[in-house]
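1. Sequence first, predicted model second:
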Amino acid sequence: MMSFGDGLLLIGWVVLGYYILVNGVYLVVHVTALYGLRDDIKKQTTRTLFQQFSSPFFPGVTVVVPAYNEEAVIVENVQSLLNLNYPETEIIVVNDGSEDTTLSQLRSAFDLYPIDAPVPFEVPSEHIETVYRSRDAPSVKVVDKENGGRADAVNAGIWLAEQPLFCTVDADSIIDRDGLLQAVEPFLEQPEETVATGGTIRVANGCTIENGVIESVGLPRNRLAGIQTMEYLRAFYSGRLGLDRLNA
């Protein structure tokens, strides 16, 4: 018969073994990421983004922005997307039944007017009220629909997209100017195998952003935000780089 103390000891060894296993896997992934980082640096030193941008093979990308009550950041977000360093982009902002001035902010900033967009009958989303286009930036469309949640808004935007690739980004996030160039690269290198790509997400606290463009990157002064920055780098950069290196 196993005593209560023996049972606790066994559970302790199981927990310790699990802890060692999980952190051992993390260690392997992050050490592998160092080799991936070395190869990335070599690649970037031999090829500039200008050379990438001059390629005639870049597919068009539709950037879908679901927005619900984002009046404080929506204009700056769209402006940052218009500043992207990419040959052909389409921007679709989906106003997901916002109860604030998100739509009026967009109409005022980008001079929107309603268009007769061919809305497919079977769109898997809540009812679409109106589709707008910008007079100032013809690549910008705004979809005004009933509230259905983030996934519902993304569905509406994707179904109205006219480009072969799409990218979704939150309304409170800003894409680096060369971000799409780097995200699309796997589709050019391995077109038959690549299904989706993701980027590194960083905390904007401590960064200088002007007119939707990241002018300088810094660290936040708040300690909690600093820990969050480290965790984002671990999960989104080091973790993904290591898993990619392991072909996982």
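-> Perfect, thanks for sending it.

2. Okay, domains of the chain per the record?
-> Per the TED database, the domain ranges recorded for the chain read 4-53+203-246, 61-189.

3. Pull the distance from the last one to the chain's centre.
-> Going back to what we said before, that points to domain 61-189. Here the centre of domain 61-189 is set off from its chain's centre by 13 Å, with CA atoms, centre = their mean, to the nearest Å.

4. Identify whichever of the domains of the chain lies nearest to residue 196.
-> Counting by CB to CB, residue 196 lies closest to domain 61-189 out of the domains of the chain; the figure is 9.1 Å. Just so you know, the C-beta spots here come from the backbone N, C-alpha and C atoms, and that holds for glycine as well.

5. Now for the most centrally placed residue in the chain: which residues touch it?
-> In the chain, the C-alpha closest to the average C-alpha coordinate belongs to residue 169, at a distance of 4.5 Å (CA atoms, centre = their mean). Going by CB atoms under 8 Å, 6 or more residues apart in numbering, residue 169 touches 63-65, 77, 81, 175.

6. average model confidence for the longest helix belonging to the chain?
-> For the chain, the longest helix by residue count, based on DSSP state H, is helix 4-46. The pLDDT scores in helix 4-46 average 86.

7. Point out the other elements, helices or strands, that that helix touches.
-> Judged by 3 or more CB pairs under 8 Å, 6 or more residues apart in numbering; DSSP states H and E, helix 4-46 is in contact with helix 239-245.

8. tell me what the helix it packs on is packed against?
-> Using 3+ CB pairs under 8 Å, 6+ apart, helix 239-245 sits against helix 4-46.

9. How far does the helix it packs on sit from its chain's centre?
-> Per CA atoms, centre = their mean, the centroid offset for helix 4-46 relative to its chain is 26 Å.

10. Repeat that for stretch 189-198.
-> The answer for stretch 189-198 is 16 Å, by CA atoms, centre = their mean.

11. Please pull out the lowest mean pLDDT helix or strand from this structure.
-> In the chain, the helix or strand scored least confidently by mean pLDDT, DSSP states H and E is helix 49-53, which has a mean of 53.

12. Can you name the next helix or strand after that one?
-> strand 61-67 (DSSP states H and E).

13. Using the three-state scheme, assign the closest residue to residue 222 other than its chain neighbours.
-> Distances taken as CB to CB, 6 or more residues apart in numbering put residue 205 closest to residue 222, at 6.8 Å, once the chain neighbours are dropped. Following DSSP: H, G, I helix; E, B strand; the rest coil, residue 205 is assigned to coil.

14. Report how many residues lie close to residue 205.
-> 15 (other CB atoms under 10 Å).

15. Contact partners for it?
-> Taking CB under 8 Å, 6+ apart, one finds 220, 222, 225, 229 in contact with residue 205.

16. got the contact list for residue 99?
-> With CB under 8 Å, 6+ apart, residue 99 has these contacts: residue 69.

17. Let me know the pLDDT of it.
-> 94.

18. start to end distance for stretch 231-242?
-> Terminal residues of stretch 231-242 are spaced 15 Å apart (CA to CA, to the nearest Å).

19. How about stretch 165-176?
-> Using CA to CA, the two ends of stretch 165-176 sit 18 Å apart.

20. can you pull the buried residues of it?
-> Of all the residues in stretch 165-176, those buried under the rule 16 or more other CB atoms under 10 Å are 165-169, 171, 174-176.

21. Just name the closest of these to residue 15, please.
-> Nearest member of the buried residues of stretch 165-176 to residue 15, counting by CB to CB, is residue 168, at 38.3 Å.

22. Having no further points to raise, I will conclude here.
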